[in-house]
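Visitor: Could you look at this predicted model? Sequence included:
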Amino acid sequence: MRLHDVVTASAGLTARRSRKAKVDVLAELLTGAPADELAAAVAFLTGTPTQGRIGVGWRTLSQLRAAPAESPRLTVGEVDSALGELAATTGSGSARRRSELLRSLLSRATAEERDFLFRLLTGELRQGALEGVMVEAVAAAADVPADAVRRAFMLSGRLPAAAHAAMSGGTAALEAFRIEVGRPLRPMLASPAESLAAATAELGAVAVEYKLDGARIQVHRRDDDVRVYTRTLREITAYVTELTDLVRGLPCRSVVLDGETLALTDDGRPRPFQETMSRFGSTRAEQVRALLLRPYFFDCLHLDGTDLLDAPLRERREALRGVAGDHVVPGEQEPGDPAAILAASLEAGHEGVMVKDLDSPYAAGRRGRAWLKVKPVHTLDLVVLGAEWGHGRRRGYLSNLHLGARDPDGGPPIMVGKTFKGLTDELLAWQTAELPRHESRRDDWTVYVRPALVVEIELDGVQISTRYPGGVALRFARVLRYRPDKEVADADTIDAVRALLPGNDSGEA
Ligand SMILES: Nc1ncnc2c1ncn2[C@@H]1O[C@H](COP(=O)(O)OP(=O)(O)OP(=O)(O)O)[C@@H](O)[C@H]1O
């Protein structure tokens, strides 16, 4: 299969607005794909090479000058093996070899293919919405139910593998996917609730737990081998030895736990999220001592050979208590006074509570309504589209941020507002250095960037707007923090923003 066909299909996706039309474009391509190139084609079209992120920056790529090829000859298989070699070339002295590999690949690509490869390697093509469309396309091409494809994807974390199974072995091959200790799966996500009363009324028998403001972790243990992954399934085992030591001491042989981790101050209050995140990239011993991470587990997906994914939360919590006792998140099952739990959580410096349906299974990778989050303030995770140069005390710094919400159909982010409020001197300095790394163009006032950075915004609400293309604008928005643990694909959608319009009862943020 030629790379050109993939590039054409990718352009076809951008050109079409309707989801059905996008699914058709992909399904047609998959139907004709040779079995040994299918996984790579799926990977490229959803924006991540089969090897995962390869870590090549825009700057490196644009410095590699080579004349483009005249006609499209590269195959998907050739590109996949070149990227495989690139991913395997690491360590000291590898920079030169990597440049050579890249130059050789790019010199065989046409201008159009080169643009595609740039966007693939820098992560710009990666969009959550595309994965949803691809799941449906695989189902259509293989003539299997979309839910079977989705389940295999969530359990393996790898859509290309699920696609390969669907196309080669149908439903039976998809059903063979199991939770595997040591292979991370997509975490279950929560939906917002308007209030605690609304959440408890919606769900019936519930557990109400503290909602801690740390970082999500998924821990896998088989005998003495313990591994830790982030929300985006990045392995961080080497950075968090206090967590691996602790889990190695739990009374079991094998386990998969879902939870949150954070560091506490001396008087037991949560430290800022940024400090927790700073631990995920550092093995420096003094930093470990200064910021000891604690785990707060809230789910158990596997225990000593038994998969619990499809068991109700009630049962999973029992397993959790048995294995992780002291390290379970504070909360109560079927509480008499849920409001007291919310008050205690806020009093202790946490974000709010999670209200969870005790009869629900673990829906990996899904943002459903079995888990509802209750927080006193609205927050949205938005995509940075650019920033304006500051005035006065902020002269010389990139300040007023342009913010976009994700298009659920996979189009570019849709601008919903601007803010410079809440930016500390440290954040101003950081974004002034960081944004130009993602620059797409600039004018006298503004540096515009490619979608790469997600920022968490607190707001009072939204209003109808004739100025912004999505018809809504943020009200009194302020920056809480950047979210390095989130990708553009994880940002909130324009629908989530519109749901905050007055008179919209869903009250979603
Ligand atoms: N008791 C808990 N149960 C489940 N999740 C919890 C709990 N306490 C904290 N969390 C965290 O809350 C997150 C969900 O809440 P919220 O949506 O506010 O966070 P987020 O990271 O902005 O968004 P997302 O839902 O996309 O993860 C979970 O991903 C998890 O990291």
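Guide: Here it is on my side, so go on.
Visitor: what stretches of the stretch 251-400 of the chain score poorly on pLDDT?
Guide: 286-289 (pLDDT under 70).
Visitor: near the ligand, which residues of it?
Guide: 260, 298, 329, 354, 373, 381 (C-beta under 6 Å from any ligand atom). No exception for glycine: its C-beta is placed from N, CA and C like everyone else's.
Visitor: Please list the members of those that lie in helices.
Guide: In helices, defined here by DSSP state H, there are no members of these.
Visitor: Among these, which pair sits farthest apart?
Guide: 329 and 381 (21.9 Å; C-beta to C-beta).
Visitor: follow-up on the earlier one: among the residues of the stretch 251-400 of the chain next to the ligand, which lie within strands?
Guide: Using DSSP state E, the subset of these located in strands is 260, 298, 354, 373, 381.
Visitor: Reformat those residues as a markdown table; add neighbour count.
Guide: Shown next, in a markdown table, are these (neighbours: other C-beta atoms under 10 Å):
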| residue | neighbour count |
| --- | --- |
| 260 | 23 |
| 298 | 26 |
| 354 | 25 |
| 373 | 18 |
| 381 | 19 |
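Visitor: and which of the residues you listed is nearest residue 28?
Guide: Nearest to residue 28 among these, with distances taken as C-beta to C-beta, is residue 381, at 33.8 Å.
Visitor: Hmm, residue 458 and that closest one touching each other?
Guide: No - between residue 381 and residue 458 there is no contact under C-beta atoms under 8 Å: 11.1 Å.
Visitor: mind listing what the residue of the stretch 401-509 of the chain found nearest the ligand touches?
Guide: Proximity of the stretch 401-509 of the chain to the ligand (C-beta to the nearest ligand atom) peaks at residue 490, 5.8 Å away. Applying C-beta atoms under 8 Å, 6 or more residues apart in numbering to residue 490 gives the contacts 128, 232, 381, 454, 483.
Visitor: which of those residues lies closest to residue 141?
Guide: Of the contacts of residue 490, the one sitting nearest to residue 141 (C-beta to C-beta) turns out to be residue 128, at 20.7 Å.
Visitor: In stretch 439-453, which of the residues would be classed as buried?
Guide: 446, 447, 448, 449, 450, 451, 452, 453 (16 or more other C-beta atoms under 10 Å).
Visitor: how about the residues you listed in a markdown table, adding distance to the ligand and pLDDT?
Guide: Shown next, in a markdown table, are these (distance: C-beta to the nearest ligand atom, whole Å; pLDDT from 0 to 100):
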| residue | distance to the ligand | pLDDT |
| --- | --- | --- |
| 446 | 27 | 97 |
| 447 | 26 | 97 |
| 448 | 25 | 97 |
| 449 | 21 | 96 |
| 450 | 22 | 93 |
| 451 | 17 | 93 |
| 452 | 18 | 92 |
| 453 | 15 | 95 |
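Visitor: Tell me which two in these are the farthest apart.
Guide: For the buried residues of stretch 439-453, and using C-beta to C-beta, no pair is farther apart than 446 and 452, which are 16.4 Å apart.
Visitor: what's the first-to-last distance across stretch 359-372?
Guide: 14 Å (C-alpha to C-alpha, to the nearest Å).
Visitor: likewise stretch 277-293?
Guide: Span of stretch 277-293 from end to end, C-alpha to C-alpha: 10 Å.
Visitor: So which residues make contact with that stretch?
Guide: Against stretch 277-293 from outside (C-beta under 8 Å, 6+ apart): 215, 230, 234, 236, 238-243, 261-264, 271, 275-276, 484-485.
Visitor: Please state the offset of stretch 380-395 from the chain centre?
Guide: 23 Å (C-alpha atoms, centre = their mean, to the nearest Å).
Visitor: actually stretch 66-73, sorry about that
Guide: 34 Å.
Visitor: again, but for stretch 404-413
Guide: 15 Å.
Visitor: Endpoint to endpoint, that stretch covers what distance?
Guide: 5 Å.
Visitor: quick one: it near the ligand?
Guide: No - figure legend: stretch 404-413 not in contact with the ligand (C-beta under 6 Å from any ligand atom); closest approach 11.7 Å.
Visitor: Now do the strands in the stretch 401-509 of the chain.
Guide: 414-419, 439-442, 446-449, 454-459, 461-464, 472-475, 478-482 (DSSP state E, counting those that start in this stretch).
Visitor: still on that earlier bit, filter the contacts of stretch 277-293 to the buried ones?
Guide: Buried among the contacts of stretch 277-293 (16+ other C-beta under 10 Å): 215, 230, 236, 239-240, 242-243, 261-263, 271, 275-276, 484-485.
Visitor: Residue 176: what's it in contact with?
Guide: Counting by C-beta under 8 Å, 6+ apart, the residues that residue 176 touches are 165, 169.
Visitor: what about it, distance to the ligand?
Guide: 29 Å (C-beta to the nearest ligand atom, to the nearest Å).
Visitor: Quick check: the gap between that residue and residue 126.
Guide: Plainly put, residue 176 is 27 Å away from residue 126 if you go by C-beta to C-beta, to the nearest Å.
Visitor: can you check residue 174 too?
Guide: In terms of C-beta to C-beta, residue 174 sits 24 Å off from residue 126.
Visitor: Which one's more surrounded, these two?
Guide: Between residue 174 and residue 126, residue 174 has the larger neighbour count (other C-beta atoms under 10 Å), namely 25 against 19.
Visitor: My guess is the more buried one contacts residue 144. True?
Guide: Yes - Residue 174 lies in contact with residue 144 (C-beta under 8 Å); the separation is 6.4 Å.
Visitor: Name the residues contacting each of those two.
Guide: residue 166.
Visitor: Can you tell me the element the residue sitting furthest away from the middle of the chain falls in?
Guide: The outermost residue of the chain relative to its centre, with distances by C-alpha atoms, centre = their mean, is residue 70 at 37.5 Å. Assessed by DSSP states H and E, residue 70 sits outside every helix and strand.
Visitor: Could you report the pLDDT at the closest residue to it other than its chain neighbours?
Guide: Excluding the flanking residues, the one nearest residue 70 by C-beta to C-beta, 6 or more residues apart in numbering is residue 110, at 7.3 Å. Each residue has a pLDDT score; the one for residue 110 is 95.
Visitor: Count the neighbours of residue 110 for me.
Guide: Residue 110: 18 neighbours (other C-beta under 10 Å).
Visitor: Backbone torsions only: list them for it.
Guide: When read as degrees, to the nearest 10, the backbone of residue 110 gives phi -70, psi 170.
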